[in-house]
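Engineer: here is a sequence with its predicted model. Questions after.
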Amino acid sequence: MQKEYTYGVARIRALETTLLSDEAIGQLLSVKSVEEGITFLKDRGWGNSNESETIDEMMDSEKRKTLQILDEVVDTSKEYEILTIQDEYHNLKAAIKQVCTNQEMAHVFIENTALEPEFLKTCIREGKFESLPETMGKVAKEATDTLLRTGDGQLCDLIVDRATMEALLQAGKESENELVQRYAEILVAIANIKIAFRGARSGKEEQFLENSMVPCKEVSVSELRNASSGGIEGIYSYLEGAGFEGGVQAMKQSPSVFECWCDNQIINEIKGQKYLSFSIGPIIAYAIARFNEIKTAKIILLGKQNGFDEDFIRERVRRMYA
């Protein structure tokens with residue numbers, strides 16, 4: 001029996017009014033400078049009171065606020081782990097590489113995760129994999145042993161990335177909520193498609209793709225692997241036949257435009273949650289929407305900071321939930 005989230009959804013409905021609309025994103029896109037963009041967002045309650053706040057600091061602040069809201073409206077973080085799995089496994093991968101190579105690299109860890117990077121590094125350095133969550137511990141040991149034995153960072157990535165997809169699917173299966181289940185499937189399908197594209201571009205053998213991909217409902221990984229033997233055009237052909245014509249057109253423009261298309265598909269998927277009131281779905285949808293607008297605001301501000309023209313930035317701007 002599904003738990004009701006009446007109070008949490010009521011809180012989220014009020015917060016949804018503060019989400020940036022497509023129109024607001026258009027206004028942010030039209031600002032003349034990074035400073036003007038930061039002011040635009042601060043006027044809408046973003047960031048903190050620090051006048052010298054950087055773009056990264058502002059975005060980290062907004063993500064913390066969102067996670068804090070989730071903690072306030074649900075009983076445990078387990079209920080929204082589908083939103084944090086990718087960050088946790090990203091940090092695991094970074095920690096393994098830092099420990100195994102003895103190279104401390106700045107700005108590689110994602111903040112606001114349940115497992116602190118220093119804790120991850122200590123577990124890996126001391127071989128205390130049992131101190132990690134069970135599934136992650138097994139993956140951490142396999143990836144660490146593999147990297148130490150082979151020195152192959154790409155193989156280490158493959159092990160952790162596959163485990164990430166498996167963890168997403170497992171979280172979806174364990175949830176009673178249809179949106180969480182669907183979101184997990186979409187994320188894994190997109191990951192499989194990206195792997196196929198990378199494999200086709202770099203001429204990877206089918207065995208590599210088989211080891212990298214994880215079966216899901218949205219795409220046939222066996223057909224996708226077979227299609228990749230025909231190169232990029234082979235993948236285009238399969239995806240067009242599987243209902244991903246928009247994704248093909250986006251990929252033909254650039255990988256960045258394809259990433260934008262993927263995020264827009266997710267926003268389209270979650271919009272129906274606006275009309276539901278009693279499940280965790282609207283809460284998860286709000287958080288996805290928040291992370292999407294944070295990502296978009298960062299893309300715009302960094303684009304302006306680096307001198308990219310407006311059209312270049314615009315094609316990477318995500319669709320909003322509001």
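Structural biologist: Nice, thanks for sending it over. Numbers count the residues shown, from 1 in each chain.

Engineer: CA only for contacts and neighbour counts going forward, please
Structural biologist: OK.

Engineer: and the residue nearest the centre of the chain, what's its pLDDT?
Structural biologist: In the chain, the centroid-proximal residue (C-alpha atoms, centre = their mean) is Q86; its distance is 6.1 Å. Q86 carries a pLDDT value of 97.

Engineer: separation between it and L158?
Structural biologist: For Q86, the distance to L158 (C-alpha to C-alpha, to the nearest Å) stands at 14 Å.

Engineer: now do D75
Structural biologist: As defined by C-alpha to C-alpha, D75 lies at a distance of 34 Å from L158.

Engineer: kindly report the same for E176.
Structural biologist: Taken as C-alpha to C-alpha, the span from E176 to L158 is 29 Å.

Engineer: which one of the two has more residues nearby?
Structural biologist: Ranked by neighbour count (other C-alpha atoms under 10 Å), E176 and L158 place L158 first, with 19 against 15.

Engineer: ok, the closest residue to E57 other than its chain neighbours to G303 distance?
Structural biologist: With C-alpha to C-alpha, 6 or more residues apart in numbering as the criterion, E57 has its nearest non-adjacent residue at 7.6 Å, and that residue is G47. Here the criterion is C-alpha to C-alpha. By it, G47 lies 19 Å from G303.

Engineer: check the secondary structure at R44 for me.
Structural biologist: Under the three-state scheme (DSSP: H, G, I helix; E, B strand; the rest coil), the conformation of R44 reads as coil.

Engineer: identify the residue nearest it in space, chain neighbours excluded?
Structural biologist: Counting by C-alpha to C-alpha, 6+ apart, the nearest residue to R44 once its immediate chain neighbours are dropped is T18, at 8.0 Å.

Engineer: helix, strand or coil: sort out that neighbour for me.
Structural biologist: Here T18 is recorded as coil under three-state DSSP.

Engineer: so which bits of the helix or strand bottoming out on mean pLDDT in the chain are buried?
Structural biologist: Among the secondary structure pieces of the chain, namely its helices and strands, helix 206-212 has the lowest mean (mean pLDDT, DSSP states H and E), a mean of 89. Taking 16 or more other C-alpha atoms under 10 Å as the basis for neighbour counts, the residues of helix 206-212 that come out buried are 206, 209, 212.

Engineer: who's in contact with that helix?
Structural biologist: Outside helix 206-212, the residues that touch it by C-alpha atoms under 8 Å, 6 or more residues apart in numbering are 158-159, 161-162, 195-196, 199, 222, 225-226, 229.

Engineer: distance from the chain centre to it, please.
Structural biologist: Once both centres are worked out by C-alpha atoms, centre = their mean, to the nearest Å, helix 206-212 turns out to sit 22 Å from its chain's centre.

Engineer: check stretch 183-194 too.
Structural biologist: Using C-alpha atoms, centre = their mean, the mean C-alpha position of stretch 183-194 is found 10 Å from that of the whole chain.

Engineer: again, but for stretch 102-110
Structural biologist: The mean C-alpha position of stretch 102-110 is separated from the chain mean by 19 Å, C-alpha atoms, centre = their mean.
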